[in-house]
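A.B. asks: Just to be clear, the model below is a prediction. Sequence and coordinates:
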Amino acid sequence: MDVVTIAQQLLRFPSVTPSDHGCQQWIADFLQPLGFTIHRLQWHGIDNLYARLGNGGRHFCFAGHTDVVPVGDESRWHQPPFAGVVDNGLLVGRGASDMKGGIAAMMAAVEPFLCRYRDAFQDDFCQHHSLSFLITGDEEGEARYGTCAVMEWLEQRQERFDYCLVGEPSCIKTLGDSIKNGRRGSYGGRITIHGLQGHAAYPHRVNNPIHAALPFLNRLLNHRFDPGNSGFAPTTLQIINVASDSPAGNVTPATLTIDFNMRFNPQQTPESMDALLHELLSDMAQSTGVRYELSTSASSLPFHTQQSLLLEQLQQAITAITGHPAALSTDGGTSDARFIAPFCRQTVEFGLFNTTIHQVNENCSVADLELLTAIYQRLLEQMFEVTVP
């Protein structure tokens with residue numbers, strides 16, 4: 001089955017998080033005749049699929065997600081979002097780029113690779129190596145009962161990957177121009193500042209938490225956390241929300257809350273950022289007399305794959321198929337690679353374009369789907385040392 005047909009079939013399942021609507025079963029039905037052992041895993045209503053071929057040697061895993069975000073205003077779509085229509089060379093539909101197109105390319109690459117392996121070695125692949133698919137239905141949601149839970153299940157079974165390629169959309173201008181070989185961590189929280197409410201006409205009788213917070217926020221926003229390094233941009237901070245509990249236009253608030261988010265590189269840790277915030281907040285409290293509370297959490301830690309066989313072979317495969325090398329990048333948001341990287345040191349992300357993801361009329365080109373399939377197949381052949389002309 002060609003990659004476009006596979007992608008169209010996947011797009012026709014309206015698998016908006018957390019509903020799967022049979023999408024993963026269709027993938028399982030495709031992989032099982034190729035020899036994959038199928039595990040359908042479900043926690044708290046989230047469907048996941050783990051399919052493995054072979055039990056030894058090098059273990060290469062394709063990872064991705066079948067869940068998609070809602071379609072938005074359906075009247076603005078040029079084609080029905082779950083019809084899988086090809087329009088002027090573009091496959092249109094929710095999930096075309098993010099990331100059913102990537103999963104389709106993985107699936108379309110596997111069958112010819114296995115045939116070529118048998119032709120090259122006159123042998124059964126699963127006797128010497130392992131190839132798997134980890135597909136979740138919770139990447140666009142809370143991400144607690146998807147890849148994260150599957151990795152915990154695999155750890156209990158003492159299964160690990162040697163290499164993992166996550167098919168998230170990574171390219172910017174031309175297919176193959178960018179590989180995500182790492183991601184920044186995400187850390188955030190809430191600061192609550194308690195002052196003394198009172199009449200705005202009598203400032204000497206109040207302790208306005210907004211006034212107390214302004215010098216603190218100025219120090220925080222101007223703080224240089226680190227300069228970054230060759231693999232990562234400097235750590236950044238954004239204020240997400242500021243709100244007070246003032247009940248009227250002439251009453252100063254008793255409480256101010258500040259929500260923030262930071263994207264941090266490996267030069268920082270949640271503990272180091274906690275320490276800095278407490279230091280700045282303590283200075284504020286001592287100088288103004290307010291009281292503060294701080295709650296923080298890190299939803300992901302940074303990871304960085306460098307000088308690895310997987311990265312080297314992926315670069316070679318991209319160059320062989322497209323004629324140009326890929327740049328390495330660690331920017332952008334988070335992905336499920338954050339759950340895989342602690343268990344698999346060689347984890348990278350490479351897929352289609354991220355230009356139209358989560359937008360009305362999300363799409364990918366047929367030509368790019370075919371190129372991505374060729375790159376994935378070439379990568380498998382190189383990783384498992386099948387002769388490539």
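C.D. replies: Happy to help now that I have it.
A.B. asks: And the closest residue to residue 44 other than its chain neighbours, how close does it get to residue 70?
C.D. replies: Nearest residue to residue 44, sequence neighbours excluded (CB to CB, 6 or more residues apart in numbering): residue 145, at 4.7 Å. C-beta: built from backbone N, CA, C; applies to glycine. Distance from residue 145 to residue 70, counting by CB to CB, to the nearest Å: 19 Å.
A.B. asks: my guess is the residue nearest to residue 44 meets residue 43, correct?
C.D. replies: Yes. With contact defined as CB atoms under 8 Å, residue 145 reaches residue 43; the gap is 4.0 Å.
A.B. asks: coming back round to it: pick out whichever of residue 145 and residue 70 has more residues nearby.
C.D. replies: Neighbours per residue, other CB atoms under 10 Å: of residue 145 and residue 70, the larger number sits with residue 145, 21 against 12.
A.B. asks: Any stretches of the chain with poor pLDDT?
C.D. replies: 389 (pLDDT under 70).
A.B. asks: Okay, domains of it per the record?
C.D. replies: 3-183+302-383, 185-300 (automatic domain parsing).
A.B. asks: How about the residue nearest the centre of the chain: what's its closest non-neighbour residue?
C.D. replies: Central residue check for the chain by CA atoms, centre = their mean: the C-alpha nearest the mean position is that of residue 335, 1.2 Å away. Nearest non-adjacent residue to residue 335, counting by CB to CB, 6+ apart: residue 168, 5.0 Å away.
A.B. asks: contacting residues for the one you found?
C.D. replies: Under the criterion of CB atoms under 8 Å, 6 or more residues apart in numbering, the neighbours of residue 168 are 64, 98, 99, 102, 180, 335, 337, 349, 350, 351.
A.B. asks: do the same with residue 52
C.D. replies: By CB under 8 Å, 6+ apart, the contact set of residue 52 is 36, 37, 39, 130, 131, 132, 133, 159.
A.B. asks: want to try TSV for those residues, with neighbour count and distance to residue 370 as columns?
C.D. replies: Converted to TSV, the contacts of residue 52 look like this (neighbours: other CB atoms under 10 Å; distance: CB to CB, whole Å):
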residue	neighbour count	distance to residue 370
36	22	23
37	14	29
39	17	30
130	19	27
131	27	21
132	22	24
133	24	20
159	17	32
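A.B. asks: Can you convert those residues into CSV and add a column each for distance to residue 202?
C.D. replies: Listed next are those as CSV, based on distance: CB to CB, whole Å:
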residue, distance to residue 202
36, 74
37, 74
39, 68
130, 73
131, 73
132, 69
133, 67
159, 67
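A.B. asks: from these, which single one is nearest residue 119?
C.D. replies: Proximity of the contacts of residue 52 to residue 119 (CB to CB) peaks at residue 131, which lies at 16.7 Å.
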